[in-house]
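Enquirer: What would the 3D arrangement of this be:
(one chain, ligands or ions: 2)
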Amino acid sequence: MVMVKVAPSILSADFSRLGDEIKRLEREGADWIHIDVMDGVFVPNITIGQSVVKSLRPFTALPFDVHLMITKPERYVKEFADAGADYITFHQEACGCIPSVLDDIHSFGKKAGLSINPETPFNTIEPYMDKIDLLLIMTVHPGFGGQAFMSECLPKVAEARRLVDENGYCMEISVDGGINYNTGKTAVSTGASVLAAGSAIFKAPDMKMEISRWHDL
Ligand code: DX5
Ligand code: ZN
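Expert: Ligands and ions are numbered 1, 2, ... in the order given. Predicted coordinates for the structure are as follows:
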């Protein structure tokens with residue numbers, strides 16, 4: 001049994017001291033740093049861009065799991081690759097040329113992720129399962145932290161796990177949105193291997209203990 005990876009989202013961090021917050025996440029046992037990039041068009045919120053990712057890169061050696069919630073992500077693959085992203089994940093709904101964006105990400109030596117919104121059916125990403133390194137299944141409508149987990153997204157996690165196991169694909173299955181200890185436990189037992197979470201990690205009274213008990217899910 002492989003240990004669950006915990007990917008805290010810095011969307012819930014103190015934005016005035018992101019470098020320190022990232023160092024703290026590393027100290028408390030995070031596996032990846034989940035970075036939510038929003039453009040105010042694909043989602044109704046604006047967060048951070050490639051220059052911030054670049055300035056955060058020296059603060060940790062942990063993988064940067066960059067979640068692009070932007071339209072036409074093909075415009076910015078190189079920028080985020082150069083800024084130091086390790087995983088570059090874009091949305092199925094935001095892009096008309098999925099195979100070429102996946103190739104592009106790989107051509108920069110980065111891991112490629114594909115994400116789907118709650119209302120997007122699983123079969124829209126099925127053709128790409130053998131080409132992606134990460135499937136990011138949204139368990140809230142993207143745009144904001146602190147929303148409630150949508151359990152109706154779980155069948156997609158189960159379907160992804162079935163295909164990965166049957167075909168031996170080498171990829172992570174991540175869930176993102178409303179993840180806490182209990183919803184994380186359900187997601188992991190359904191097949192998730194990565195838990196992306198903001199509020200539950202940053203609001204935990206003891207972050208180290210919280211991350212550690214998620215590792216045991
Ligand atoms: C939402 C983002 C999430 C967000 C999760 O659009 O993609 O990564 O930070 O926040 P919580 O864990 O608070 O739901
Ligand atoms: Zn995210």
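
Enquirer: So which residues of the chain form strands?
Expert: 5-8, 33-38, 64-69, 87-91, 111-116, 134-138, 172-176, 194-197 (DSSP state E).

Enquirer: May I see the ones you listed organised as CSV, with mean pLDDT added?
Expert: Output for the strands of the chain, formatted as CSV (pLDDT from 0 to 100):
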stretch, mean pLDDT
strand 5-8, 98
strand 33-38, 98
strand 64-69, 98
strand 87-91, 98
strand 111-116, 98
strand 134-138, 98
strand 172-176, 98
strand 194-197, 98
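
Enquirer: Which one, of the ones you listed, ends up nearest to Val52?
Expert: strand 33-38 (8.3 Å; CB to CB). Bear in mind the C-beta positions are built from the backbone N, C-alpha and C, glycine included.

Enquirer: For that closest one, which helices and strands make contact with it?
Expert: strand 5-8, helix 50-56, strand 64-69 (3 or more CB pairs under 8 Å, 6 or more residues apart in numbering; DSSP states H and E).

Enquirer: check whether it contacts ligand 1.
Expert: Yes. With CB under 6 Å from any ligand atom as the criterion, ligand 1 is reached by strand 33-38 at His34, Asp36.

Enquirer: Let's see that strand as CSV, backbone CA atoms only.
Expert: Coordinates of the C-alpha atoms in strand 33-38 are reproduced here as CSV (Å, rounded to 0.1, in the frame of the first residue of the first chain):
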residue,chain,number,x,y,z
ILE,A,33,2.8,22.3,-2.5
HIS,A,34,-0.5,22.8,-4.3
ILE,A,35,-0.6,26.2,-6.1
ASP,A,36,-4.0,27.4,-7.3
VAL,A,37,-3.7,29.7,-10.3
MET,A,38,-6.9,31.5,-11.2
